[in-house]
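Colleague: Need the 3D shape of this:
(2 chains)
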Amino acid sequence: MKLSLGPLLYYWPRQQTFDFYEAVAASNTLDIVYLGETVCSRRHELRCEDWFEIAARIAASGKEAVLSTQTLVESESDLKTLRRIVENADFRIEANDMGAVRLLAAAGRRGWVAGATLNVFNPDTLNLLVAEGASRWAAPPEMPGADIADFRAGMPAPIETEIFAYGRLPLAYSARCFTARHHNLQKDACAFRCIEDGDGMLLRTREGEAFLTLNGIQTQSARVYSLLGDLERVAGHAEILRISPQSAHTLEIAALFREALDGRTAPAAAHEASLALLPEAPCNGFWHGRAGHEQISAEDAERQPKDVSAANGVCAAAPDAEAPPAENPPPQSLFARFLPERLREHLEARFRQWAQAPHARLPAFTVPAPIAKISVRLPKLPPTLALTAALNLAPDSMLPRAPLAPLIGRHLRLHVLDAGLRLDFTLNAKGRFRPSRAAANAQPEMTISASLRDFIALALGEEDADTLFFARRLLIEGDTSLGLLVKNTLSSTKWSDFLRR
Amino acid sequence: MTETASRKIELVCPAGGLPSLKAAVDNGADCVYFGFKDATNARNFTGLNFDLDQIREGIAYARQHGRKVLVALNTYPLKANQKSWTAAIDHAAELGVDAAIMADPALMAYAARVHPALRLHLSVQGSATSHEAINFYHERFGIQRAVLPRVLSLAQIEQLAANTQVEIEVFGFGGLCVMVEGRCALSAYATGQSPNCQGACSPDAFVRWEQTPRGMETRLNGILIDRYADGERASYPTLCKGRFAVRDETYYAIEEPASLNALEMLPALAGAGISAIKIEGRQRNPAYVGQVTKVWRAALDALARNAENFAAQDAWMTELNKVSEGQSYTLGAYYRPWK
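Modeller: This next block holds a predicted model:
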């Protein structure tokens, strides 16, 4: 198992960078060293020539030097730099963008490295790149170990797999510079402020949790990815483990990896020893198929079933649901039977004019407080029955029941804020809506809240649910998936054919 | 080389379901794009997208009106589930869509080999930001159009378009991704799911909205993304749009919720040589789709009639503002100082 040093992601002063690579050249724990500016083309402490010089020093020390290309290419000047690097036939190249792949193929270069940001998630794609000259694959850091194992089973033999095993995870790239933005500067006049942050700038949530790291145009994890404790699991899945440089202790970390790989230290002990050397708490979620920020202990890893991220593609048509009975009493009479009389009268008075003008938009209105007070005190059942009866009248062609399966047996609520109505309902296994049988004070699993006017406007397609949500006129609480299913269904069903004649 | 704005610029509009598809067609979209109800596309959200019957109906409706239908198959399959993606490509070809929008090279190779008549578009998820990258896909797989990630300035787009024969499609309006599309693992870090493989960013299963004494809190897998005081406008719980603390400041450290709106730049974009404007919003409802399509149709028609005197009308901007995230808009990366 070989150890590689990933490209330096941060912007360090010139001397510090040279000193670092002197120490790297002198060390004997690393086999491969990636070099070059992969994040931001404005950074200039080291130019192309400087990186070539360092590469020569590294090669002279008996290690493999690889020139790594810029991840996000935007301008002609970026392409010029790319071409310069590709022209350097002395060293292997890591391609981090498909433009680099084209240039490498055009130059007839063989043996280049398919970088993690090429998005090679399946071996068929890798095979295409192998045909273009790739001989090593850097797995995307978010790829679970189980998927990497599966991938390797379909890989051509001599291709090496390299796994990101230590460092703040590169997660995203932008045209915008977040470091400059923090200092209220534009990228073009950034004053190269990112040079002040040896490990990037920490970003916390509003309750103080360390969440992400800002590194110029690159966003990283706050937590430090480390597979040191998982080495036994990881060992069979790669030929190379990559260590990404942090501002301190990088070579000590490499030494710990080396000791553990050689069997001189147990991985658990090495992991323990590394904790004091990390700039932030560790995480290893990606390897285990979990959210990246999670830290899964060895015991948990044994206990939990592996969570493969693969999603099943489903193009199957939904099974047919039973159509409700054909007879359709007009909705107005339903409401007449079940709505509080004062509310009904109020609505009819408001709507008389509107109903006579087929193209008029629903007027804004709020249910007056006195009527709302009455509604609140009335038994919940009649308005809820009005709702479920109306829903059940919708034929399956208009309101397909099959996609609503997740709602079966769940306690759902439409909270009509200004009318003081809490309509608790559910869907039964036969596709019929029913008032919910949950206890009077039970918390619903999902609540959608809005004013009466907005619910009606939403149903008529005159308001977009998201517009209402942004304006804080619609709120979804509880199980969001259920809420979005109900919201999308409310919005996308053509109730207007139904409510207006 | 100057390109006149008289080349017809296609208006490409989102369809999250049949009503949206119809709203787009009825309001003048030249093309509508949709996805299947699974992870083969990057808007794999509950209650969204089409099954095979709905697609047949959608295509028939679009054809009746002489419009085109594009299918988004723009996520990355793993080895284990590849067959679902190739099956989707087969369905798309059999259904007779006008083009498939893809990102994964192996899928493009499959389509080019098995369905050579199927027109291929490179998705924004393919993250191609230079003519070198676009030409790579064109030479290997025959893509005829590329959707550009929203990271290039107008000048950079012009440069790119001048160096490729591939048609260029750019986003004109909608929710803005501040990260280069196709290479963002932020959501995977927070939740374990991301657009690339699962077709979802900040998926709803991990979202919680909770009214608390401190305000309405939005959490993603338990991580506090933002907190709204009464009356403060809310936004999508996408994790890059929250407010966070960096050193002593709490602010929109990554992105403020705002929609991209490049309407005022239409003549410049046309002059840069683009072939199509894409509207983002498959997860938005028919009202949004209808409203936005209508405005952009009017704008493109005005451009076609008289490019030199094109001016974005106030009425158009007001309509678009109403459905914008944060009810504000930005020119995004098209305007270099935004970067």
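Colleague: Now name the helix or strand holding A:Tyr34.
Modeller: Following DSSP states H and E, the helix or strand that holds A:Tyr34 is strand A:32-35.
Colleague: nope, A:Arg83 is what I meant
Modeller: helix A:76-87.
Colleague: That helix near chain B anywhere?
Modeller: Yes. Applying CB under 8 Å from any CB of the partner chain, one finds helix A:76-87 in contact with chain B at A:76, A:78-79, A:82. In this view, the C-beta of every residue, glycine as well, is placed from N, C-alpha and C.
Colleague: so where do the helices sit in the stretch 151-300 of chain B?
Modeller: In the stretch 151-300 of chain B, the helices defined using DSSP state H, counting those that start in this stretch lie at B:154-162, B:186-191, B:195-198, B:266-271, B:286-305.
Colleague: got these as TSV, with distance to chain A and mean pLDDT columns?
Modeller: Shown next, in TSV, are the helices of the stretch 151-300 of chain B (distance: least, CB to the nearest CB, whole Å; pLDDT from 0 to 100):
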stretch	distance to chain A	mean pLDDT
helix B:154-162	6	95
helix B:186-191	4	97
helix B:195-198	5	87
helix B:266-271	16	95
helix B:286-305	4	95
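Colleague: what's A:Pro123 in contact with, if anything?
Modeller: A:151-152, A:154-155, B:79 (CB atoms under 8 Å, 6 or more residues apart in numbering or on different chains).
Colleague: same thing but 10 Å
Modeller: For A:Pro123, the contact set (CB atoms under 10 Å, 6 or more residues apart in numbering or on different chains) comprises A:130, A:137, A:150-156, A:159, B:78-79, B:82, B:106.
Colleague: From these, which shows the smallest pLDDT?
Modeller: Lowest pLDDT among the contacts of A:Pro123: A:Pro156, with 73.
Colleague: where does that residue land in three-state SS?
Modeller: Judged by DSSP: H, G, I helix; E, B strand; the rest coil, the three-state class of A:Pro156 is coil.
Colleague: what's the closest non-adjacent residue to it?
Modeller: In this structure, A:Pro156 finds its nearest non-sequential neighbour in A:Val130, 6.0 Å apart by CB to CB, 6 or more residues apart in numbering or on different chains.
Colleague: measure the one you found to chain B for me?
Modeller: From A:Val130 across to chain B, the span is 12 Å (CB to the nearest CB, to the nearest Å).
Colleague: what's the helix or strand for that residue?
Modeller: Assigned by DSSP H and E, A:Val130 belongs to helix A:123-131.
Colleague: Of all residues in the stretch 351-500 of chain A, which one is closest to chain B?
Modeller: In the stretch 351-500 of chain A, no residue comes nearer to chain B than A:Asn488, which is 3.4 Å away by CB to the nearest CB.
Colleague: That residue: helix or strand, and which one exactly?
Modeller: Here A:Asn488 is covered by helix A:480-492, with elements defined by DSSP H and E.
Colleague: tell me the mean pLDDT for that helix?
Modeller: 82.
Colleague: repeat for stretch A:416-427
Modeller: Here the average pLDDT along stretch A:416-427 is 89.
Colleague: The stretch 101-250 of chain A: helices as residue ranges?
Modeller: A:123-131, A:145-153, A:178-182, A:231-234, A:250-262.
Colleague: could you give the mean pLDDT of the longest one?
Modeller: So that's helix A:250-262. 97.
Colleague: Quick check: next helix or strand after it?
Modeller: Next along the chain after helix A:250-262, taking DSSP H and E as the criterion, comes helix A:267-274.
Colleague: Surely A:Ala139 is in contact with A:Ile163?
Modeller: Yes. At 5.4 Å, A:Ala139 counts as touching A:Ile163 under the criterion of CB atoms under 10 Å.
Colleague: Out of the helices and strands in chain A, which is least certain?
Modeller: Ranked by mean pLDDT, DSSP states H and E, the weakest helix or strand in chain A is helix A:331-338, scoring a mean of 45.
Colleague: what's the closest non-adjacent residue to A:Ala189?
Modeller: Spatial nearest neighbour of A:Ala189, chain neighbours left out: A:Ala180 (8.0 Å); criterion: CB to CB, 6+ apart.
Colleague: give the contact list for that neighbour.
Modeller: Neighbouring residues of A:Ala180 by CB under 10 Å, 6+ apart: A:42, A:186-194, A:214, A:216-217, B:339.
Colleague: So, low pLDDT: which residues of the stretch 101-250 of chain B?
Modeller: Counting by pLDDT under 70, the ranges of the stretch 101-250 of chain B that qualify are B:235-236.
Colleague: mind redoing it with 80?
Modeller: When residues are selected by pLDDT under 80, those of the stretch 101-250 of chain B lie in B:233-237.
Colleague: as a whole number, average confidence for the helix holding A:Arg83?
Modeller: For helix A:76-87, the per-residue pLDDT averages 97.
Colleague: Now the longest strand seen in chain A: buried residues?
Modeller: Of all segments of type strand in chain A, defined using DSSP state E, the longest is strand A:160-173. Using 16 or more other CB atoms under 10 Å in any protein chain shown as the test for burial, strand A:160-173 gives A:161-173.
Colleague: Nearest spatial neighbour of the residue of the stretch 351-500 of chain A closest to chain B, chain-adjacent residues omitted?
Modeller: In space, A:Asn488 is closest to B:Gly47, 3.4 Å off (CB to CB, 6+ apart).
Colleague: And that neighbour, what's its pLDDT?
Modeller: For B:Gly47, the model assigns a pLDDT of 73.
Colleague: contacting residues around it?
Modeller: A:403-404, A:406, A:481, A:484-492, B:16-17, B:37, B:204, B:283 are the contacts of B:Gly47 under CB under 10 Å, 6+ apart.
Colleague: I'd like to know which of the residues you listed are buried.
Modeller: Buried among the contacts of B:Gly47 by 16+ other CB under 10 Å: A:403-404, A:481, A:484-492, B:16-17, B:37, B:204, B:283.
Colleague: returning to that earlier point: intersection of neighbour lists for A:Ala139 and A:Ile163?
Modeller: A:116, A:145, A:148, A:237-238, A:242.
Colleague: residue of the stretch 51-200 of chain B with the smallest distance to chain A?
Modeller: B:Ser84 (2.1 Å).
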